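> Structure for this input, please:
(chains A and B)
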Number of protein chains: 2
Amino acid sequence: MSQDLAQLVTSIAQRARAASFELATTPTATRNAALAKLAELLPASAEAILAANQKDLADAKANGLSTAQIDRLTLTPARLEQLAEGVRQVQALPDPLGEELEQTTRPNGLNLRKVRVPIGVIGIIYEARPNVTIDCAILTLKSGNAAVLRGGKESFHTNMALAAIIQQALAASGVPADAVQLIPTTDRAALNVLLKLDTLIHALIPRGGESLIRFVAENSRIPVIKHYNGVCFVYVDRAGDIAMAERIIVNAKCQRPGVCNAAEQLLLHAAIADEALPRLARALIAAKNVQLRCDAASQAILAKAGLPATAASEADYKTEFLDYILAVRVVGSLEEAITTINRDSSGHSEAIITADETAARRFFAAIDSSAVFWNASTRFNDGFEFGLGAEIGISTDRLHARGPVGLKELCSYKWLVTGNGQVRS
Amino acid sequence: MSQDLAQLVTSIAQRARAASFELATTPTATRNAALAKLAELLPASAEAILAANQKDLADAKANGLSTAQIDRLTLTPARLEQLAEGVRQVQALPDPLGEELEQTTRPNGLNLRKVRVPIGVIGIIYEARPNVTIDCAILTLKSGNAAVLRGGKESFHTNMALAAIIQQALAASGVPADAVQLIPTTDRAALNVLLKLDTLIHALIPRGGESLIRFVAENSRIPVIKHYNGVCFVYVDRAGDIAMAERIIVNAKCQRPGVCNAAEQLLLHAAIADEALPRLARALIAAKNVQLRCDAASQAILAKAGLPATAASEADYKTEFLDYILAVRVVGSLEEAITTINRDSSGHSEAIITADETAARRFFAAIDSSAVFWNASTRFNDGFEFGLGAEIGISTDRLHARGPVGLKELCSYKWLVTGNGQVRS
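Numbers count the residues shown, from 1 in each chain, chains lettered A, B, ... in the order given. Presented below is the predicted three-dimensional model:
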């Protein structure tokens, strides 16, 4: 690795850290003014952005990227307008900073206030989609954090153009320009430098596939806010409403199979499996020709009903298919469902379908996942759906944020203690 | 490393993980009953504990440990009674689990509750003092976490005896015995195994010197709750009451110099340094013959007053002395004090002495540390002093806990979502 590259990345992080001190005390109005300016500049700068995007698209075609990949990479005037609308929505959200989380006066007269403050400097490492550059920049800016962005090489020219627009919006609003910086190279070695800067960068957020996230987590001592994957379960209890189960499993599996909160596994209580499974299978096949990968009990039920069923491998029970494929098992009891989920799920999102409140309460208490649903689709584990206004991702960690990571989860806190000369005895 | 050792440590962590699922749904009364039983057993089992302690003390003397180290290692009937009283105090604290942190109903009728739950399995790595075995066991148990304890070799026999008593208390109360386990070997290789078990252990808390903490943080991907050290500042502003400054700096430096929230650095505004510094220096010398390591300006003031002053090295400005030594600098402004602290402190505890509310508010806003004090001693950054009831340590991290780590900070949360068949569109 070149010494120049190490210096470049380190200097970016140092300037981000310096900016973070200033950002932490920037008034709400200043940060919002920068967001307003950015919303204005995005459509106004369409020509430059789309020209840069054309370069990336030409490279993408030359490199044989898939149609889906090229679609994700493509910006249009309409998509820029959508991005601008997203910026305005974040601008309109309440400022998370400065909120008093606790307040108390101790017997010795010390007054304690626990107040929300930014984390500091956040490194964001992502793959091809250029809209992530804007999404991440605006959420970190709104929450008073400095951001060091490391985008994918496929969207490099577009990201550089977007970063220039962001810098313009910052400069026009009195926010330090170093508050949002993009690493201006596609050299993989730059990422390795970034991951080692644990005295300058306080948190990392990798956004992309599981291999990217694992690479980041395994190669850095900086705390990572993340989920590796989403092996999400829907369990239909013996007291489950089968019509409701049908709607929910079709939604959880088929509405958007490529995302982390889509269902990958269906468990059915043995008492209702004979009745429920053929109906659920027919609905899943009708919706998206979903392939069912079954244990022996569920395979027998489907065979008897004349429905297609593949035998599952052991690996299928822990796989995030991200496709129209669903693993299916029959369980003997609620407790078996709980044990199975806590063993095989990724702790992301699990649902129970039941009319039995006692069963639902037990499921709520015992399931060890970021979000647990009773009679609702796993697809709702999402910052917008939870009312957080926006999200930068979903966490399956247990420290700090768990579930959707919105503006508040991009913050830390500190204790402010006021006395009149107290000393400790 | 022997295969047996790896299997032993892995098996302990696996059993802890299994116990953690059960613990998470254990009623408050059950966990409190185990604590009550432990408080009863500690003095009742004095004979066995003190016999084990004698073995450690004999080893300590043979190995030439210092008097202070031997004192920290020593248990007596009175100290066992103190430990039992500590257990009863934790038993009396409110249960942190199950508290509803947020509650909302979305426009689509979904009801969301964010509730506090245990983190899961916590690994605690500590050095010589055997009381840490009890302190850590009771805080993790109260917060519903399973604990894997790795104590220092100096207190090995005592720790084993205490762990046996803890297991007895668990077994008598219906808490899974694997909820608290001690690694029953002094082999250093066991620690290296433990640090790699990131699928079984959810958080690490190292307690001890900076080198232990760095070793843990640098050799594990498990999130660590920690502070490396406490380079804490007291800044006497131009509007500072000098009598108050004297009381506070003497307390912050001298009351217990070996702890992380003791002051290591004194900053004085140039406008009051001539008057304040000689008086503060006399008080510090009178109290504990504190050695002052000075910049040129403060050295000149002290020389003029006929007081001893050593020239500081650059390293002194970032050093945790843990001794009766204090670095001293004169600054030209509040802003210079803020910049100096944010550059050189360890983000632990900083104090401003001032009668100027505007200056104090600016200090509160700009200082980037876990606790910021206005007219009070840095020594108050402590779980008991903050009213948290107890603490397992103090964190200078920005994710999860910052400042004292009490029962609530030993918890995570999850989202419980109740619907009536909602699907996402």
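
> C-alpha from now on. contacts and neighbour counts both.
Noted.

> In chain A, what residue comes closest to chain B?
Nearest residue of chain A to chain B (CA to the nearest CA) works out as A:His400 at 3.8 Å.

> That residue reaches B:His400, doesn't it?
Yes. Contact criterion CA atoms under 8 Å: A:His400 and B:His400 qualify, at 3.8 Å.

> Read off the pLDDT value for A:Met1.
As predicted, A:Met1 sits at a pLDDT of 58.

> Show the contacting residues for A:Leu191.
A:Arg150 (CA atoms under 8 Å, 6 or more residues apart in numbering or on different chains).

> Just the element for it, please.
helix A:188-195 (DSSP states H and E).

> for the record, mean pLDDT for that helix?
For helix A:188-195, mean pLDDT is 95.

> Okay, buried residues for the lengthiest helix in chain A please.
Counting residues, the longest helix found in chain A (DSSP state H) is helix A:3-23. Buried residues in helix A:3-23, counted by 16 or more other CA atoms under 10 Å in any protein chain shown: A:6, A:8-10, A:12-23.

> of the residues you listed, list those near chain B.
Among the buried residues of helix A:3-23, the residues lying close to chain B (CA under 8 Å from any CA of the partner chain) are A:Phe21.

> Average pLDDT for stretch A:261-272, rounded please.
The average pLDDT within stretch A:261-272 is 98.

> Mind listing residues that contact that stretch?
Against stretch A:261-272 from outside (CA under 8 Å, 6+ apart): A:230-238, A:249, A:252-257, A:277, A:317, A:319-322, A:325-334, A:337, A:348-349, A:378-381.

> Which parts of the stretch 251-400 of chain A are strands?
A:263-269, A:291-294, A:310-311, A:325-331, A:349-353, A:371-376, A:393-395 (DSSP state E, counting those that start in this stretch).

> can you give me the angle the first one makes with strand A:325-331?
Comparing the axes of strand A:263-269 and strand A:325-331 via axes from the mean of the first three to the mean of the last three CA atoms, to 10 degrees yields an angle of 20 degrees.

> Partner strands of strand A:263-269 and their direction?
Using DSSP bridges, the strands paired with strand A:263-269 in its sheet are strand A:232-236 (parallel), strand A:325-331 (parallel).

> for the ones you listed, which one ends up most surrounded?
With neighbours defined by mean count of other CA atoms under 10 Å in any protein chain shown, none of these is more surrounded on average than strand A:232-236, at a mean of 31.

> quick one, it and strand A:371-376 angle?
In terms of direction (the same axes, to 10 degrees), strand A:232-236 departs from strand A:371-376 by 40 degrees.

> Output strand A:232-236 in CSV, but only the C-alpha positions, please.
Provided in CSV are the C-alpha atoms of strand A:232-236 (Å, rounded to 0.1, in the frame of the first residue of the first chain):
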residue,chain,number,x,y,z
CYS,A,232,-36.6,-14.6,9.8
PHE,A,233,-39.2,-17.0,11.0
VAL,A,234,-43.0,-17.1,10.9
TYR,A,235,-44.6,-19.5,13.3
VAL,A,236,-48.2,-20.5,12.9
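
> pLDDT on that strand, on average?
98.

> next one: that strand to chain centre, how far?
With CA atoms, centre = their mean, to the nearest Å as the basis, strand A:232-236 stands 21 Å off its chain's centre.

> and the angle for that strand with strand A:349-353?
10 degrees.

> Let me see the residues that make contact with strand A:232-236.
When contacts are defined by CA under 8 Å, 6+ apart, strand A:232-236 is touched by residues A:245, A:249, A:260-269, A:337, A:341, A:345-354, A:378.

> What of stretch A:356-368?
Contacts to stretch A:356-368, defined as CA under 8 Å, 6+ apart, come from residues A:239-240, A:334, A:338, A:341-342, A:347, A:350, A:352, A:354, A:372-374, B:21, B:24-25, B:416.

> Show me just the buried residues among the residues you listed.
By neighbour count, with 16+ other CA under 10 Å, the contacts of stretch A:356-368 hold A:240, A:334, A:338, A:341-342, A:347, A:350, A:352, A:354, A:372-374, B:21, B:24-25, B:416 as buried.

> farthest pair in those?
A:Gly240 and B:Ala24 (25.6 Å; CA to CA).

> Can you spell out which residues form a bridge with A:Ala147?
A:Ile122, A:Val180.

> I'd say it and A:Ile138 touch.
No. Using CA under 8 Å as the test, A:Ala147 is too far from A:Ile138 to be in contact (9.5 Å).

> the more surrounded of those two?
Neighbours were counted for A:Ala147 and for A:Ile138 using other CA atoms under 10 Å in any protein chain shown; A:Ala147 has more, 31 against 27.

> okay if I get the strands paired with strand A:263-269 as JSON lines plus distance to B:Asn111?
Below are the strands paired with strand A:263-269 laid out as JSON lines (distance: least, CA to CA, whole Å):
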{"stretch": "strand A:232-236", "distance to B:Asn111": "18"}
{"stretch": "strand A:325-331", "distance to B:Asn111": "27"}
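
> between those, which one is nearest to B:Gly98?
Closest to B:Gly98 of the strands paired with strand A:263-269, according to CA to CA: strand A:232-236, at 23.3 Å.

> show me where the stretch 51-200 of chain A has helices.
Applying DSSP state H, counting those that start in this stretch to the stretch 51-200 of chain A gives helices spanning A:67-73, A:77-92, A:131-142, A:156-171, A:188-195.

> Those residues of the stretch 101-250 of chain A touching chain B, which are they?
So the stretch 101-250 of chain A meets chain B at A:106, A:112, A:119, A:202-203, A:217-218, A:221, A:223, A:244-245, A:247-248 (CA under 8 Å from any CA).

> Just want the angle from the biggest strand by length in chain A to strand B:349-353.
Looking across chain A with DSSP state E, the single longest strand is strand A:411-422. With the same axes, to 10 degrees defining the directions, strand A:411-422 sits at 50 degrees from strand B:349-353.

> The longest helix of chain A - contacts with which helices or strands?
strand A:121-126, strand A:146-150, strand A:180-182, helix A:188-195 (3 or more CA pairs under 8 Å, 6 or more residues apart in numbering or on different chains; DSSP states H and E).

> So what's the gap between the last one and the chain middle?
From the chain centre to the centre of helix A:188-195 is a distance of 22 Å (CA atoms, centre = their mean).

> Touching the helix or strand following that helix from outside, list them.
Counting by DSSP H and E, the next helix or strand C-terminal to helix A:188-195 is strand A:203-207. The contact list for strand A:203-207 (CA under 8 Å, 6+ apart) reads A:119, A:121-127, A:212-213, A:216, A:222-226, A:393, B:399.

> Just want the angle from strand A:203-207 to strand A:121-126.
Interaxial angle, strand A:203-207 versus strand A:121-126 (the same axes, to 10 degrees): 20 degrees.
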